[in-house]
Every structure is written in C-alpha cells, then in structure tokens.
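Asker: pasting the sequence and the predicted model now:
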Amino acid sequence: MDETYDRQDTAVVTAVDEYDMDTLQPIADQLSAAAASHRTVVLDASALTFADSSFLNLLIQLHHTTDLRIAAPQHQLTRLLELTGADQLFDLRPSVEDALRP
C-alpha cells in the first residue's frame, strides 16, 4: 500500500509494487496532492518493483510543478530513467534521508 507522510516540511510518498496505466491512478492522486501542498516532494521508490512509461510521464509532469526528488530507485526504475535520458532530469538520491537534505 502506498503511503504519504510529512517530514521536515516535505511530503514523502512511498511507492509500493508495480505501476502501469491500469494501476497508476492512486499514486498519481497522492503525488498530485503532495505537490499541491508542499514545495518539495520525495518519492520513496525503494519498494517500487516495476514502472512503465505512464509512470515516467507522471514523474515528468510532477517535475514541472514541484521540487521532486526520487529516493532509493531500484534497478528497474533506474534503468527506465537511464534508457530515456530522464536520469538527467530528476534529482535521484540514494535514500529518503538523503532526499530530505537540501
């Protein structure tokens, strides 16, 4: 189950499991709500096991509306970001604790 919580005036959204166009809506709603109420949003991707282009599109949209940081991306997400060149766009951090630092 996905989770959102506040830490140091930053919203941390934890993504769990797989995301594709059929399962994207709950995490999209959480990330959008977090971006609407916080200047910085950390996506804890440590438990994310799969993400497709619809998830990537969501992240790109959020990048334009908030300071989005992606914490602890696993191999599949990292590979998706590298293959598309999006790894140069996003602020990738090794852990949530690192992502909470300026």
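Answerer: Sure, I can see it.
Asker: the residue nearest the centre of the chain pairs with what?
Answerer: Centroid-nearest residue in the chain: residue 43, 3.3 Å away (criterion: C-alpha atoms, centre = their mean). Beta-bridge pairing for residue 43 (DSSP bridges): residue 13, residue 70.
Asker: any idea how far residue 18 is from it?
Answerer: To residue 18, residue 43 is 15 Å away according to C-beta to C-beta, to the nearest Å. In short, each C-beta sits where N, CA and C put it, glycine included.
Asker: now swap in residue 7 and tell me
Answerer: Applying C-beta to C-beta to residue 7 and residue 18 gives a distance of 25 Å.
Asker: in the chain, which spans are helices?
Answerer: Using DSSP state H, the helices of the chain run over 25-37, 53-63, 75-84, 96-99.
Asker: residue 69 is nearest to which of those?
Answerer: Evaluated with C-beta to C-beta, these place helix 96-99 nearest to residue 69, the distance being 4.2 Å.
Asker: what helices and strands are in contact with that closest one?
Answerer: In terms of contacts (3 or more C-beta pairs under 8 Å, 6 or more residues apart in numbering; DSSP states H and E), helix 96-99 is packed against strand 40-51, strand 67-71.
Asker: so which of these gets nearest residue 33?
Answerer: Counting by C-beta to C-beta, residue 33 lies closest to strand 40-51 out of these; the figure is 9.7 Å.
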